[in-house]
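[1] Make a model of this:
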Amino acid sequence: MAENDPLLEKAIASDREALGRVVMRHAPEIRALLAARLDTRLRATVDIDDVMSVTCTEACLSIGSFVPTGDGSFAAWLTRMAENNLHDAQQ
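    Numbers count the residues shown, from 1 in each chain. Sure thing, here's the model as predicted:
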């Protein structure tokens, strides 16, 4: 595994508590990124916390398909997922 993170290894092995902790480690940065990318015209109708909630749920359901490819790959995977969810919410 390229990312030498025992907590991430547990998360990939379906440890839901570990996954929650790994996701929460990245959540503030991803939330800030989403808030910056949210179309200002939609701020009253799109809730970033809802997008983050969908992203966390999706991460739990999809962790089995995550394949580490290098340092930061989990953060990139989670960020991409969050960006896609934000895109969907803005449609």
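[2] SS state for G70?
    Of the three states, G70 takes coil under DSSP: H, G, I helix; E, B strand; the rest coil.
[3] so where is this structure shaky, pLDDT-wise?
    Within the chain, the ranges that satisfy pLDDT under 70 run 1-2.
[4] Can you list the buried residues in the longest helix along it?
    Longest helix in the chain by number of residues (criterion: DSSP state H): helix 16-37. Neighbour-count burial for helix 16-37, counted by 16 or more other CB atoms under 10 Å, picks out A18, L19, V22, V23, H26, A27, I30, R31, L34. Heads up, the C-betas are built off the backbone N, CA and C, glycines and all.
[5] For E17, see how far away the fourth one is.
    Read that as V23. 11 Å (CB to CB, to the nearest Å).
[6] got it, and the fifth one?
    Summarising the geometry, the distance separating H26 from E17, computed by CB to CB, is 16 Å.
[7] Equivalent analysis for E9, please.
    13 Å.
[8] so what's the residue nearest the centre of the chain closest to, chain neighbours aside?
    Geometric centre of the chain, nearest residue: L78, 3.2 Å, by CA atoms, centre = their mean. Distance criterion CB to CB, 6 or more residues apart in numbering; nearest residue to L78, sequence neighbours excluded, is H26 at 5.6 Å.
[9] All good on my end, thank you.
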